[in-house]
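*Asks:* with the input below, show me the fold.
(one chain, ligands or ions: 1)
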Amino acid sequence: MTREKHRCKTETPEDLLACAVRAARAAGDHAHREKKRRHELVSASAHDVKLRLDLECQLRAAEIIRTTYSHHRILGEEDTILSTGQRDRVSSPHQVEWIVDPIDGTVNFHHGLRHWCCSVAARQNGETLAAVVYAPDLEEIYTACLNGPALCNGKTLAVSRTGKLARALVLTGLDRGCCEAKRPFPIFEHIATHCRRARVLGAAALDICQVAAGRADGYFEAGIFLWDVAAAGLILNRAGGCTEVLLKGRGHRLWFLGTNGHIHVELRTLITRAVHTVHQAPTT
Ligand code: IPD
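*Replies:* Sure thing, here's the model as predicted:
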């Protein structure tokens, strides 16, 4: 049976996008309004924080989605703490599933940096149908739906034309929580050595949207989560870019590569070579 036949008959990607926009705005605007409370912690580890506003924002987004589509499954970054209990539930792959990161770039937000966002995606059969990345502090809302253009504040996005890694700006992340064994710093060193500049901005969804907007040429992170990339991946694809999951790990962890398309093979080859070199080097 084709995907088309499985696609929900009542909701079009445009309907889902309208709901995603409302959900992302509800979550993002709440965090923005309440940012004086950004120091209220639920927990903190050596390299990460969990904020009360993370939880409140996820609940706000979920409320909008549930009011509109009560039968849809929601997978959110904060499910474990909120005990919403849907994260590990097995559901039909044909059911629409919402992927929510209420505050991506939580550490940035906590410290008062403006590079953070709320990410909402609607997926079916593992494919994102509608996507929103909303950055209230930057007054930017990135949107896309299947077969439509990628937009930022209503304006069409297009990736850069940079064709060589040596001239590329590559955004990446160093999530030390996941990568002790994978040693992210040597991989970072490889990328930084071979491209014009590597940058770590700290909010994956918004970083990938920078590639969609042509302000950066590529993004790579080992051990990113599905909710960090589900929406931004579609936005980048619809802006003419190329996305690829290089590896799937447990607990919705991914190795994710997103580029303008022109440097994709070169960057993928570099990463593969870096991983090989890192794994052959003796651990200290
Ligand atoms: C994090 C950010 C960061 C990336 C981490 C993510 P969070 O998401 O996107 O840029 O390096 O891997 O976990 O925790 O702020 O939602």
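*Asks:* from the protein, which residue is nearest to the ligand?
*Replies:* Gly173 (2.7 Å; C-beta to the nearest ligand atom). For every residue, glycine as well, the C-beta is placed using N, CA and C.
*Asks:* quick check: phi and psi on that residue?
*Replies:* phi -140, psi 160 (degrees, to the nearest 10).
*Asks:* isn't it right up against Ile224?
*Replies:* Yes: assessed by C-beta atoms under 8 Å, Gly173 is found in contact with Ile224 at 6.6 Å.
*Asks:* quick one: which of the two has more around it?
*Replies:* Per other C-beta atoms under 10 Å, whichever of Gly173 and Ile224 has more neighbours is Ile224, with 25 against 22.
*Asks:* element containing that one, please.
*Replies:* Assessed by DSSP states H and E, Ile224 sits inside strand 218-225.
*Asks:* how far does that strand sit from the chain's center?
*Replies:* Distance of strand 218-225 from its chain centroid, counting by C-alpha atoms, centre = their mean, to the nearest Å, is 9 Å.
*Asks:* and it, which strands flank it?
*Replies:* Strand 218-225 has the following sheet partners, assigned by DSSP bridges: strand 169-172 (parallel), strand 253-259 (antiparallel).
*Asks:* got the contact list for the first one?
*Replies:* Contacts made with strand 169-172 from outside it, assessed by C-beta atoms under 8 Å, 6 or more residues apart in numbering, are listed as 162, 188, 191, 195-201, 207-208, 210-211, 215-221, 267.
*Asks:* same check, this time on the longest one
*Replies:* Among residues not part of strand 253-259, those counted as contacts by C-beta under 8 Å, 6+ apart are 159, 178, 204, 208, 211, 217-226, 228-229, 232-233, 236, 241-249, 264, 267-268, 271.
*Asks:* ok so, going back, any residue of whatever helix or strand comes next after the strand holding Ile224 up close to the ligand?
*Replies:* Moving toward the C-terminus from strand 218-225, the next helix or strand (DSSP H and E) is helix 226-238. Yes: counting by C-beta under 6 Å from any ligand atom, contacts between helix 226-238 and the ligand involve Asp228.
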